[in-house]
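**Student:** when you get a sec, could you give me coordinates for this:
(one chain, ligands or ions: 2)
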Amino acid sequence: MHMFGTANSRAVAERLERAGFEAVFVGGAVRDHLLGKEPKDIDIATAAMPEQVKALFPATVDLGTDHGTVLVIEQGEPVEVTTFRTEGTYSDNRRPDDVQFVTSLDEDLKRRDFTINALAMTLDGGIIDPFGGRSDLASGIIRAVGEPAVRFGEDALRMVRAVRFVSVLGFSVESATQEAIRRLSGTVRNLSVERIKAEFDKLFTGASAGQALGLIEDTGLSESMPLYPAGTVPFPACAPFRNALDGWASLMAAGGFEPSAVANAYKLSNKERAYLRAVQALLKTRRRGGYTAADYYGRSLDELLTAEKLAAVLLGDKPAAEQTIRDALGSLPIRSKQDLAVRGGDIIGWERSRRPGQWVGAVLDAVEQAVLHGELLNDANAIKGWYEHEYKHEE
Ligand code: ATP
Ligand code: MG
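**Tutor:** Ligands and ions are numbered 1, 2, ... in the order given. Got it, this is the predicted structure:
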């Protein structure tokens, strides 16, 4: 197996070790490495206190020193360094009332959610695995560290994380862990929408998203989500998803929700909101018969593919092949106003005596429609001629 971590993250751990502080790689990065996957973010856990970490490195960013996390910028690469800690009591199912720094790595690993995430790796490649995480990795099992109900009582997000890992890793949830989720599913109501949304974004990109959604329904988690399709069939049947947006659009369509309802419930961004509206409009058009060039206009390939997929699953229509959609998009004379051969300034130039005003936008709109529908060539001279000989006479 090749060496773990990037050169920069290794340099950070080496520096800590040389200063006399135990420093190991932990969490998702170790898990992904053992699975043969490229880890995304690399986390280091250390015995050094946050102030000691900051003193050792010239460039650091505070990510919440009271939680013990310092971001070290090593040659431009950010590496998260967190002091070994335990968490105090949880009174609200979502955040510890206090955290305590500890000197032992084992104490730190104990507070982590699942055995597969409670693994650590030393610089020389040694694995520290107090809870059987490697064996669970090999068997594809998500198992809570310690008593599942206690751990979910501390932080209800762990239940959502469990189903997220089912989707992304294709694992199954160990039975006592799953039973605790079923029992405590109602407490996800106490979570902030932002944390749930971030987990769904990851869940939607997993290859086993359909299974994960099935589990969300089976465990009753679905009933306490901010908004969730009621039926048991259509939503999982929309999986797998092309990307997170496809997942959100599928949640909308499977639940028969308005784009704004989903967007408000999960605090989606304006870009995500616009995607839902586009898919909703495409589905409506499709229900009425089919698309014309004008319906493809201004739409992205992703939006069209999501709409086709949903039309197939929810309306029982035969979806168009991806290549057909690509061809249709490719054969549009223009994809947006920016593609027009003339700009507002050109139009103003054609009219010596007329002052710039709203009329310019109206002309551009008319040009756009005429070009889009193949009634006018997208060529500056052709457009000027059309303006002078046809448009002005109809105005
Ligand atoms: P990803 O691949 O999405 O980054 P991850 O498991 O690394 O997944 P992070 O949010 O990066 O998730 O968290 C890093 C580590 O911190 C986890 O592997 C786990 O050990 C611990 N952790 C994260 N969230 C929780 C939580 N809610 N409860 C307990 N431990 C957690
Ligand atoms: Mg991570």
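
**Student:** show me the contacts for P226.
**Tutor:** Applying C-beta atoms under 8 Å, 6 or more residues apart in numbering, one finds that P226 lies in contact with 193, 196, 265-266. Where C-beta positions appear, they are placed from N, C-alpha and C, glycine not excepted.

**Student:** among those, which ones are in helices?
**Tutor:** Among these, the ones falling in helices (DSSP state H) are 193, 196, 265.

**Student:** which stretches of the stretch 1-150 of the chain have low pLDDT?
**Tutor:** Within the stretch 1-150 of the chain, the stretches with pLDDT under 70 are 1-2, 88-97.

**Student:** what's the local residue count around the residue in the chain positioned nearest to ligand 1?
**Tutor:** Per C-beta to the nearest ligand atom, G28 is where the chain lies closest to ligand 1, at 2.0 Å. If you count neighbours by other C-beta atoms under 10 Å, G28 ends up with 17.

**Student:** is it true that it touches I42?
**Tutor:** No - here G28 does not reach I42: they are 9.0 Å apart, not a contact under C-beta atoms under 8 Å.

**Student:** kindly report the residues of the stretch 101-250 of the chain close to ligand 1.
**Tutor:** 112-113, 117, 155, 157-158, 202 (C-beta under 6 Å from any ligand atom).

**Student:** could you dump the residues you listed to a markdown table with secondary structure?
**Tutor:** Listed next are those as a markdown table, based on DSSP: H, G, I helix; E, B strand; the rest coil:
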| residue | secondary structure |
| --- | --- |
| R112 | coil |
| D113 | coil |
| N117 | helix |
| D155 | coil |
| L157 | helix |
| R158 | helix |
| K202 | helix |
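
**Student:** restricted to buried residues, select the residues you listed in PyMOL.
**Tutor:** Of these, the buried ones go into a single PyMOL selection, burial set by 16 or more other C-beta atoms under 10 Å:
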select buried, resi 112+113+117+155+157+158+202
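
**Student:** output the residues of the stretch 101-250 of the chain next to ligand 1 as JSON lines; include the columns distance to ligand 2.
**Tutor:** Shown next, in JSON lines, are these (distance: C-beta to the ion, whole Å):
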{"residue": "R112", "distance to ligand 2": "11"}
{"residue": "D113", "distance to ligand 2": "12"}
{"residue": "N117", "distance to ligand 2": "9"}
{"residue": "D155", "distance to ligand 2": "16"}
{"residue": "L157", "distance to ligand 2": "14"}
{"residue": "R158", "distance to ligand 2": "14"}
{"residue": "K202", "distance to ligand 2": "10"}
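
**Student:** follow-up on the earlier one: which among the ones in helices among the contacts of P226 count as buried?
**Tutor:** Buried among these (16+ other C-beta under 10 Å): 196, 265.

**Student:** close to ligand 2: what parts of the stretch 1-150 of the chain are there?
**Tutor:** 28, 41 (C-beta under 5 Å from the ion).

**Student:** next one: the residue of the stretch 1-150 of the chain found nearest ligand 2 from G344, what distance?
**Tutor:** The nearest approach of the stretch 1-150 of the chain to ligand 2 comes at G28, 3.4 Å away (C-beta to the ion). Applying C-beta to C-beta, to the nearest Å, the value for G28 to G344 is 51 Å.

**Student:** equivalent analysis for G256, please.
**Tutor:** 41 Å.
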